[in-house]
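[1] whatever this is, show me its structure:
(one chain, ligands or ions: 1)
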Amino acid sequence: MCGIVAYIGPKDATAFLLEGLQRLEYRGYDSAGVAVAAKGGLKVCKVKGRVADLAAAVPARFKGTTGIGHTRWATHGVPSDANAHPHTDVSERIAVVHNGIIENADQLRALLAADGVVFTSETDTEVLAHLVAAHSGEGVELEDAVRAALGQVVGTYGIAVLDAQQPDRIVVARNGSPIVLGLGEKEMFVASDVAALVRYTRQVVHLEDGELATVRADGFRTFTEDARTVTRQPSTVDWEVASYDTAGYQHYLLKEIHEQPGAVERTLSGRLDERFATAHLGGLNLDARELREIRRVKILGCGSAYYAGEMGAQLIEELARIPAHSEPASEFRYRNPVIEADTLYVAVSQSGETYDTLAAVQEIKRKGGRVLGVVNTVGSAIARECDGGIYLHAGPEISVASTKAFTSTVIAFALLALHFGRIHDLSPADGRRIVAGLKALPDHIREILKQEEQIAELAAEYADNAGMMFIGRTRGYPVAREGAQKLKEISYVHAEAYPASELKHGPLALISPELPTVALVPDDELLDKNLTTLGEIKARSGRILAIAHRTPEAKLIDHCLLVPKSEPELDPLLLNIPLQLLAYYAAVALGRDVDKPRNLAKSVTVE
Ligand code: F6R
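    Numbering: from 1, shown residues only. This next block holds a predicted model:
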């Protein structure tokens, strides 16, 4: 949510800033801006709209070798030119870009206004620019002014600060919002996400919370808020540059849907033990004795991560027979939850940055609970906060809507459930059944993806409705919820998910030819019940698209998409794949901005 870039070196900064912002645009896309330190002061250009609008607005003579840039997702104040970052002080000496939230911005605004500061935006960030300026007296180093300003601030931030009078440096700081330094040859880069850096360097340094850095063309120095120098060794970015491109696909979303077989293979890699029919999860930091003492599992995540958690809870209950439940982290953190020593808490997050999930983890830990993370982004805030966990290794997910990380999360839960099950009472035969089922999943997904053309045609047909109902029973219900979520967030078609068993208790009243139903009809012990529900919908003239293992009788459905049969516990994961393509092609048919749906952004780092 919001992206930061900065450059210092011999070259023109603007070219890198604009290209870097384009790479980070998935993190926020309602306004963007850049500032460079130039002879005679700062040059600032910022506009409401996309990075392409900014690129068109930057004047040809906008030159400077030190610069900062930002792409925004509005929190304080509407998207507008004035509210776009960078923000400057009154004399336009200091420029600041910021991700996060300054919680005491109102009090600081009042103090600054009393000193005669006139504000030009509604943002919390602008106070930072004025505070840094207020501390930038004669002979004061920029890093000291930034430290003094941050000393007055309560909240979360990743910032980059430019001073027209000290253009030989950029000062950056991190508290709850990532800042990464990229090391070049006599040039340095900064970004809030490695996606902006990988084309320029693979050598990076991740700042820790509470750290600052002075970045110069020939290197950097990291230090704490009380000015103690800390040493940070660079690490090498694992992923190939190509992982951050669309690789010829029309959208990142389509590419990421197609990457799922490979992502699943990576999530499984080295973790299946065929001999003992179990899974090895080295990062749990819990031995078998500790795991056996666990009486309950509580899974926390937001949005699709929460729905993946629902599938995870089902897997744990079925395979390990331990009561498990998934709850939105955004609710959990506000309801003073009871934290129990014999409950295992599991936080789910693709980005590892979602603020609500992070806050839930912190609340559990404050009360003595034990938390595992199921996280995609290595070294992210949530991963670091947890006591142990499972990395997904799904690769970078750029499109705002989650697909491959969702699938890999469910795989991670299947591994956890298998591991748990085999130290409780899951039989070796059942363990072997699940191991074989997991190994077959990548090929099963490939098979489903071959139906892309047929799904695209159906999507175009069904997109032409004001709304859609998604139904599933027990294991199928989280699939319905995720399917509805995907459709609404990228196509803006209203979608409602219901347990199939609940339809007759209310929502059946909605069924009509204008509200089609996507029904999950796996070939399992509840098949007959599901077929009865289809009959009830048909009796009310409802149209039905079934996702099934066998085509139901023609009188019960209008269309059917078949998926390969896996083990019953793993079926939900496969039933979800056609729904991803359905949402994608519905959005394409309606001409939506698939990778950057309106009002949303990747990584929700605000409350
Ligand atoms: C939906 C989607 C969101 C995220 C949610 C949590 O497609 O992407 O609902 O799942 O914002 O994000 P992470 O997993 O990064 O914590």
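
[2] A helix includes residue 406, no?
    Yes - using DSSP: H, G, I helix; E, B strand; the rest coil, the assignment for residue 406 is a helix.

[3] that one: neighbour count?
    By the criterion of other CB atoms under 10 Å, residue 406 has 29 neighbours. C-beta here means a position set from N, CA and C on the backbone, and glycine is covered the same way.

[4] pretty sure it contacts residue 304?
    Yes - Residue 406 lies in contact with residue 304 (CB atoms under 8 Å); the separation is 5.1 Å.

[5] can you give the distance of the top helix by length along the chain from its chain's centre?
    If you go by DSSP state H, the chain has its longest helix at helix 428-449. Relative to the centre of its chain, helix 428-449 is centred 27 Å away, using CA atoms, centre = their mean, to the nearest Å.

[6] picking up where we left off before, what touches both of residue 406 and residue 304?
    Listed as contacting both residue 406 and residue 304 by CB atoms under 8 Å, 6 or more residues apart in numbering are residue 482.

[7] how long is stretch 585-597 end to end?
    This stretch, stretch 585-597, spans 14 Å end to end (CA to CA, to the nearest Å).

[8] equivalent analysis for stretch 587-602, please.
    Taking CA to CA, stretch 587-602 runs 18 Å from one end to the other.

[9] quick one: is it near the ligand?
    No - Stretch 587-602 is not in contact with the ligand by CB under 6 Å from any ligand atom; minimum separation 7.2 Å.

[10] give the buried residues for that stretch.
    587, 588, 589, 590, 592, 594, 595, 596, 597, 600, 601, 602 (16 or more other CB atoms under 10 Å).

[11] how about stretch 286-301?
    Taking 16+ other CB under 10 Å as the criterion, stretch 286-301 shows 286, 291, 294, 297, 298, 299, 300, 301 as buried.

[12] from the ligand, how far out is the first one?
    Residue 286 sits 23 Å away from the ligand, going by CB to the nearest ligand atom, to the nearest Å.

[13] ok, now how distant is the closest residue to the ligand within the stretch 251-400 of the chain from residue 484?
    Nearest to the ligand, among the residues of the stretch 251-400 of the chain, is residue 303, at 1.9 Å (CB to the nearest ligand atom). Here residue 303 is placed at a distance of 12 Å from residue 484 (CB to CB, to the nearest Å).

[14] rewinding a little: contacting residues for the residue of the stretch 251-400 of the chain closest to the ligand?
    Counted by CB under 8 Å, 6+ apart, residue 303 has contacts 402, 485.

[15] which phi and psi does it have?
    Here is the backbone geometry of residue 303 (degrees, to the nearest 10): phi 60, psi -130.

[16] for it, give me the pLDDT.
    At residue 303, the model reports a pLDDT of 97.

[17] swap in residue 605?
    74.

[18] any idea how far it lies from residue 285?
    Relative to residue 285, and taking CB to CB, residue 605 is found at 26 Å.

[19] check residue 236 too.
    25 Å.

[20] more neighbours: those two, which one.
    residue 285 (13 against 8).

[21] report the separation between residue 307 and residue 348.
    10 Å.

[22] actually residue 585, not the one I typed
    In terms of CB to CB, residue 585 sits 27 Å off from residue 348.

[23] more neighbours: which of the two?
    Neighbour comparison, residue 585 and residue 348: the larger count goes to residue 348, with 34 against 23 (by other CB under 10 Å).

[24] the more buried one falls within a helix, correct?
    No - read with three-state DSSP, residue 348 is strand and lies in no helix.

[25] three-state assignment of residue 189?
    Residue 189 ends up strand, using three-state DSSP.

[26] quick one: it and residue 202 touch, right?
    No - shown here, residue 189 and residue 202 do not form a contact pair, counting by CB under 8 Å, at 11.4 Å.

[27] which residues sit in contact with residue 220?
    181, 183, 188, 205, 213, 214.

[28] can you report phi and psi for it?
    phi -150, psi 160.

[29] same deal with the one 3 residues further on?
    The main-chain torsion angles of residue 223 are listed as degrees, to the nearest 10 and equal phi -150, psi 170.

[30] quick check: which element contains the residue of the chain most remote from its centre?
    Taking CA atoms, centre = their mean, the residue of the chain most remote from its mean C-alpha position is residue 138, at 43.2 Å. Per DSSP states H and E: residue 138 is located in neither a helix nor a strand.

[31] gap between residue 157 and the ligand?
    For residue 157 relative to the ligand (CB to the nearest ligand atom), the value is 19 Å.

[32] now that residue: closest residue in space, sequence neighbours ignored.
    Spatial nearest neighbour of residue 157, excluding adjacent residues (CB to CB, 6 or more residues apart in numbering): residue 100 at 4.1 Å.

[33] what of residue 136?
    Nearest to residue 136 is residue 145, by CB to CB, 6+ apart, at 4.3 Å.

[34] packing partners for the helix or strand containing the one you found?
    Here residue 145 sits within helix 142-150, counting by DSSP H and E. With contacts defined as 3 or more CB pairs under 8 Å, 6 or more residues apart in numbering; DSSP states H and E, the packing partners of helix 142-150 are helix 125-134, strand 155-163, strand 170-175, strand 211-216.
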